[in-house]
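Undergrad: Here's my sequence, what's the structure:
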Amino acid sequence: MSPRRVAPFGFLLLLLLGLPPARPAAAEERPYVDLELVLAVDVSRSMDRVELEVQRSGYVAAFRHPQVLQAITGGLHRRIAVTYVEWAGIATQEVIVPWTLVDGPASAEAFAARLEAAPIREAHGTSISGGLAYAARRFAESGVFGLRRVVDISGDGPNNQGIPVTGARDALVEAGITINGLPLLLGRAGGFLDIRLLDVYYEDCVIGGPGAFMVPVTDMAEFGMAVRRKLILEIAGLPARPEPARLVRVQALAPRIDCLIGEKLWQNWMNDN
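TA: Numbers count the residues shown, from 1 in each chain. Just a heads-up that it's a prediction; the model follows:
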């Protein structure tokens with residue numbers, strides 16, 4: 001699967017979002033890792049407290065799972081660097097667990113324990129573009145040189161604040177960053193900002209870069225398994241292959257949904273109120 005083509009204004013967006021251009025082949029004096037991974041997690045108030053807790057516990061459990069540890073230690077350098085950030089509206093992004101070098105059970109447990117102990121919060125708004133830009137800027141703080149750089153972004157609705165999500169996506173791809181998605185399809189589309197085809201929206205408007213893929217979640221009971229499977233694919237650098245139930249879907253080549261649908265729904269609501 002070839003990476004998405006970048007819009008002509010992609011380089012300008014790199015400057016506007018404060019992102020570095022794609023890195024040169026020669027590494028700086030930094031330790032090598034197989035992967036630099038930003039886990040960018042939605043904490044908007046469209047999710048209730050129970051769902052936020054299940055989401056957090058799913059990531060905690062994943063870093064304690066032997067299959068994830070096996071993937072981490074099975075790479076060329078046998079280690080990854082990971083950070084966990086939360087996002088909601090355009091002005092709401094925060095690092096919850098800073099960059100951590102994970103190279104075995106002890107460091108994985110340290111990451112999981114720190115994440116487990118952090119307070120769970122919630123905030124207004126859904127700015128996927130803001131979350132992507134914030135996540136991408138974190139790579140300058142990693143202190144390592146990853147063979148791959150990935151932003152793993154979750155969310156339960158379309159972008160409705162900030163720049164269009166496709167602009168942010170294209171800027172990250174231009175910088176050599178792959179975006180994978182974890183759309184939460186919880187079967188309650190009916191709110192004024194909800195859409196029924198969130199999986200298609202993530203495929204066509206959010207994910208991007210070489211090997212980009214997504215794992216839709218249709219029930220919070222599936223969340224822990226979905227996170228674990230997604231992390232294993234990301235860490236191992238494996239191509240995503242559809243399961244019998246189509247758990248993982250690969251990126252589409254052309255949009256099948258309006259990538260400004262969230263902004264239009266928001267504007268319609270504003271006009272009616």
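
Undergrad: Mind naming the longest strand for this structure?
TA: Longest strand of the chain, by residue count under DSSP state E: strand 93-102.

Undergrad: For that strand, buried residues please.
TA: For strand 93-102, a neighbour-count test (16 or more other Cβ atoms under 10 Å) marks Gln93, Ile96, Val97, Trp99, Thr100, Leu101, Val102 as buried. Backbone N, C-alpha and C define where each C-beta goes, glycine included.

Undergrad: Adjacent strands (with direction) for it?
TA: Here strand 93-102 is paired, per DSSP bridges, with strand 80-87 (antiparallel).

Undergrad: Export only the CA atoms of the longest strand of the chain, formatted as PDB.
TA: Presented in PDB, the C-alpha positions along strand 93-102 are these (Å, rounded to 0.1, in the frame of the first residue of the first chain):
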ATOM      1  CA  GLN A  93      -3.600  18.300  24.900                       C
ATOM      2  CA  GLU A  94      -1.400  17.000  27.700                       C
ATOM      3  CA  VAL A  95       1.400  14.500  28.100                       C
ATOM      4  CA  ILE A  96       0.300  11.900  30.700                       C
ATOM      5  CA  VAL A  97       3.400   9.600  30.600                       C
ATOM      6  CA  PRO A  98       6.600  11.100  29.100                       C
ATOM      7  CA  TRP A  99       8.900   9.300  26.700                       C
ATOM      8  CA  THR A 100       9.900   6.000  28.200                       C
ATOM      9  CA  LEU A 101      12.400   3.500  26.800                       C
ATOM     10  CA  VAL A 102      10.800   0.100  27.000                       C
END
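
Undergrad: what comes up buried for the helix or strand just after that strand?
TA: Counting by DSSP states H and E, the element after strand 93-102 in chain order, helix or strand, is helix 105-117. Of the residues in helix 105-117, those with enough neighbours to count as buried (16+ other Cβ under 10 Å) are Ser107, Ala108, Phe111, Ala112, Leu115.

Undergrad: With stretch 206-217 instead?
TA: Taking 16+ other Cβ under 10 Å as the basis for neighbour counts, the residues of stretch 206-217 that come out buried are Val206, Ile207, Gly208, Gly209, Gly211, Ala212, Phe213, Met214, Val215, Pro216, Val217.

Undergrad: Could you point out the member of these that lies closest to Val85?
TA: Val206 (16.1 Å; Cβ to Cβ).

Undergrad: how close does the closest one sit to Ser129?
TA: Using Cβ to Cβ, to the nearest Å, we find Val206 at a distance of 9 Å from Ser129.

Undergrad: shared neighbours of the two, which are they?
TA: For the pair Val206 and Ser129, residues contacting each of them under the criterion Cβ atoms under 8 Å, 6 or more residues apart in numbering are Val165, Arg169.

Undergrad: and the nearest residue in space to Trp87 that is not next to it in sequence, what element?
TA: Counting by Cβ to Cβ, 6 or more residues apart in numbering, the nearest residue to Trp87 once its immediate chain neighbours are dropped is Gly131, at 3.4 Å. With elements taken from DSSP H and E, the one containing Gly131 is helix 128-137.

Undergrad: which helices and strands does that helix pack with?
TA: Using 3 or more Cβ pairs under 8 Å, 6 or more residues apart in numbering; DSSP states H and E as the contact test, the elements touching helix 128-137 are helix 10-17, strand 36-42, strand 80-87, strand 93-102, strand 149-155, helix 165-174.

Undergrad: how big is the angle separating the longest strand of the chain from strand 36-42?
TA: Following axes from the mean of the first three to the mean of the last three Cα atoms, to 10 degrees, one obtains 140 degrees for the angle between strand 93-102 and strand 36-42.

Undergrad: got the angle for strand 93-102 vs helix 128-137?
TA: Going by the same axes, to 10 degrees, strand 93-102 is angled at 40 degrees with respect to helix 128-137.
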